[in-house]
Each structure stands twice: as C-alpha cells, then as structure tokens.
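> Fold the following.
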Amino acid sequence: MRSSILLSVTAILLMSGCSMAPKLEISKQAMPATLSDINASSPVDLKWWEQFGDERLNTLITEALANNDDLKLALSNVTLARATLGLSNAERYPTIDGSASAYRQKTSGESLSPFSGFIYNSFDLSLSAAYEFDFWGKYSNMEASARAEMLASEADMETVRISLISSVAELYFALITFDRQIKVTAETVEAYKESYDYRRRQYDHGVIDALVLEQAHSIYANAKLQLATYKEEKRVAQSALAVLIGRSPDAMFNQDVATATALAMPLEIPEQLSSNLLQQRPDIRAAEERMRAANATIGVAKAAYFPSISLTGTAGFSSTELGDLLKSSAGMWGFGPSLNVPIFDFGRIENSIKIAEAKKDAAVITYAKTVKNAFKEVYDALIKIESTREKLLALNEETEALEKVLMHSQQRFDSGYGTYLEVVASKRALLSSRINLIAQNDALIANQITLYKALGGGWEPQEESR
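Residues are numbered from 1 along each chain as shown. As a prediction, this is how the structure comes out:
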C-alpha cells in the first residue's frame, strides 16, 4: 500500500511543470549596412573616459559612481527585484511549520455536554506540511517572470550608470569650455573698455560726436553682458555636476570643481562599428527581459483555469497531561490531498489573461521601439560627429581669415583710410568666431560621449597600424 502511494506521488511530481505560457518569438530587426558585423566579437572599452588622460575627470566619475543618488536608487530596485525572485522561487517548495501549545480550559456547567463544568488541560506539539503541485506551471512561470524582472532591473541600473558617467564627462568638459569662453570674453571686454575710454577722451576734446561714443559704449556693454552670461552658465553647470557626484548642499555652494585648463584631444573612433555592439545596450536588454516577464505572466494567468491539487499532512503529539505528551500513545497524524476547481468566476480569469496578453503586446512594442531608438541615437551621434568635424575646419578657416581682416582694418584706420566702425565690426566678428570655435571643440567631445552612451558602453580603441 505504501509503495503504491509513493509511486502515485512520484508520478504526480513528474507530471508537474507543464507551462501554459505561449512560446515567445523575438523578431529580429533589419540591420543597416553602415553598421556591419565587422569586429562583431571585439570587446568594448567600458572605461572609455580614461582615454582622455585626465585624472580630474577620472576622480569625479569615481566619486559619482560611489555617491550618486539615482544610482543608489537603481541598486535598491535591483535588491528589491532579487528578493522578489527569491520569494517566487520559495513558492515552488513545500511549507513546513511547527507548533506547540499549552491550554487550560473550563467548560460551561450549564451546557448539555457530558463534560459540562469540566476543567482540563491540553498540550500539543505538531509538525505540519503543505505542498501544491505545479501541474500547469503557475509557480515556475511566476519564478521566470520574477527572474526576468530582476535581470531588467540590473539592466536599468546599468543604464543609469552609463548615463551618469556620460553626464559627468559632458559637464566636466562644458566647465572647461566655459572657462575658455570666459577668458576670451574677459580679454575682449578689457579691449572694448580701453576703446570706449579712448573714445570718451576723443569726445571730450570734440574729435568725435556722441554717435560714435555711444556705439563704442554699446559694444563694451554687450561684451560685459556676454561675459556675465558665460559666468552664469558655468555656475549652473557646476551645481549640476555637484548633484551628479553626490556632494552635499554645503559643498555645492562652497567648493568649486577643479578642471583642466584645456580640452582633451577627441577620441579616435573606428571607421566601422559592429551592429552587435548595440546588443550590449542595457535598455535593449531590459526591454527584452520585460517582454519575457510579460510572456511568463500569461502562463500564470492561464493556469488559473485548471484545478489546483495540494497535499497536506500533520504529525505530532497531543495530551491532557504534559508528562504524557511524548508517549507513543499520544501520537497523532493526518495526511490527505485537496482539490480546488474553478467553476464560476464571472470572467475573472478570462479578463486576467486578456490583461496579461495586453501587457505582453505593450512589452513587444516597447522592445521594438527601443531597438529602433538605439539605432537612431547611434546614427545621430555619428552624423553629428562628422558634421562637427566639418564645422571645425570651416571655423578654423574663418578665424584665421577674421584675424587678417582685423589686422587690415586696424591698419586702414591707423592710416586714416578706414573707419573705427570697421575695426569694431572686425573685432566683434573675430570674437564670435573664437567663441564658436571653442564651443564646437566641446561639441565634438560631447558628441563622442553621446556615441559611447548610444553604443551602451563604448568601443574598443583601434590599435595603431604597424
């Protein structure tokens, strides 16, 4: 008899685990020709920022990775997802509980019971177990969904980490750019001040009229306005960087961020990038895992259509006297299966399945959208890098030409053939060109940082040809 029971239980256990989740098909997107499979197995330089050779930047990024609040929050979400997975995994195993009780009771003397007015003790010591067979894959799908959500949370944390590193680098180089722009503008302000002072002396001696004087005044005031704007933008960038690296409000107000005096050289980007590089983008991995989680949830919902079969058992001792509690005659036990079959639920299960299927459809669309957006970001970054290089060549030409224009206009004015307005216009044009040149150098580095982020980590530096 016992062997038959064991064989039956074994057969039931072997039958458990039939999944109701549909088979998940992940559609592959068509890859653009510009992103080929060349270097598909190349590793990615995850510490790309160290190629700039700036220890101040490296220190700031290390500080941000240790102190940033968004990254801490993302880590907390990962911890929560791991605990949820552990809970889902535990649901697949039996529950075993132990209990002990000591109870003294007096029955009513006015009742019809033959034990009316009786005082007695009750001592119990027992162990109970319960197990629900996972015939339809409810618990296995719950675990699969929780595991996918955990992997998605880990990918989300990686997205935050990549975004944090790139933001710190962008702000750091922006601060260097603001310092250079402030220096150029401050020199220009001083030059315009000297020019304005010179014009005022001329006006006081009747050499020029009020129109020329006020023109010089307006140019001087405009330069001061531009200088104040750059100083404001620098302080805003400093506070943003202070928040990213996790500094306190006091440090935010009282500690400046140390930066290099000049922009680093731009990185060398490979001419051809592998489309497989995008597979490491954490947002794509997160979208794919959430699609798996939603698919597994359908199996959980469908399993509710079918009966749930459980086994419960209890074994222990019960006695009215504490000294007799552990005697063999005080032993007790119970064992038996239970069946729960849904009959009328008025559409609860059906609508639960529809909700799960709708969430899966949304996850599939989100995945496809994420992949498309990833390629768009890479494409845009490559286009901007190429365009910025062209702009830099043109701006260098323009700056050299404007330096010559200023030189010639100054010579014409000194010799009496030109006007002061020509000199002023030449100075303003040269200032604007220099400021744009500084900004475009920063834009080139910023676009390379954006490409790193779009590729989900970076790229492998190309080796020099030998």
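
> Can you name the next helix or strand after the longest strand seen in the chain?
Looking only at the chain and at elements set by DSSP state E, the strand with the highest residue count is strand 119-132. In the C-terminal direction, the helix or strand that comes right after strand 119-132 (DSSP states H and E) is helix 138-204.

> Need the residues that contact stretch 105-114.
115-122 (CB atoms under 8 Å, 6 or more residues apart in numbering). C-betas here are computed from N, CA, C, even on glycine.

> Give me the buried positions along it.
Within stretch 105-114, no residue counts as buried by 16 or more other CB atoms under 10 Å.

> Distance across it, terminal residue to terminal residue?
The straight-line separation of the ends of stretch 105-114 (CA to CA, to the nearest Å) is 15 Å.

> Using PDB, write out every CA atom in stretch 326-344.
Extracted as PDB, the C-alpha positions of stretch 326-344 are listed here (Å, rounded to 0.1, in the frame of the first residue of the first chain):
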ATOM      1  CA  LEU A 326       5.800  12.500  24.300                       C
ATOM      2  CA  LYS A 327       4.400   9.000  24.800                       C
ATOM      3  CA  SER A 328       3.800   6.900  21.700                       C
ATOM      4  CA  SER A 329       0.100   6.700  22.700                       C
ATOM      5  CA  ALA A 330      -0.100  10.500  22.500                       C
ATOM      6  CA  GLY A 331       1.000  10.500  18.800                       C
ATOM      7  CA  MET A 332      -1.300  11.800  16.100                       C
ATOM      8  CA  TRP A 333      -1.100  12.300  12.300                       C
ATOM      9  CA  GLY A 334      -3.100  13.200   9.300                       C
ATOM     10  CA  PHE A 335      -2.500  13.200   5.600                       C
ATOM     11  CA  GLY A 336      -4.600  13.800   2.500                       C
ATOM     12  CA  PRO A 337      -4.900  15.700  -0.800                       C
ATOM     13  CA  SER A 338      -7.200  18.600  -1.600                       C
ATOM     14  CA  LEU A 339      -8.600  19.800  -4.900                       C
ATOM     15  CA  ASN A 340      -9.700  23.300  -5.800                       C
ATOM     16  CA  VAL A 341     -11.600  23.600  -9.100                       C
ATOM     17  CA  PRO A 342     -12.800  27.000 -10.500                       C
ATOM     18  CA  ILE A 343     -16.400  26.700 -11.700                       C
ATOM     19  CA  PHE A 344     -18.000  30.200 -11.900                       C
END
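
> and that stretch, how far out from the chain's middle?
Here the centre of stretch 326-344 is set off from its chain's centre by 50 Å, with CA atoms, centre = their mean, to the nearest Å.

> Stretch 103-113 too?
With CA atoms, centre = their mean as the basis, the distance from the averaged C-alpha position of stretch 103-113 to the chain average is 66 Å.

> where does the residue nearest to residue 324 when sequence neighbours are not counted land on pLDDT?
When the adjacent residues along the chain are set aside, residue 324 lies closest to residue 330, with 5.6 Å between them (CB to CB, 6 or more residues apart in numbering). According to the prediction, residue 330 has pLDDT 80.

> what's the burial count for the nearest residue to residue 341 once chain neighbours are set aside?
In space, and not counting its chain neighbours, residue 341 is closest to residue 307: 4.5 Å by CB to CB, 6+ apart. Residues contacting residue 307 under the criterion other CB atoms under 10 Å number 11.

> Could you measure from residue 307 over to residue 129?
From residue 307 over to residue 129 the distance is 20 Å, taken as CB to CB, to the nearest Å.
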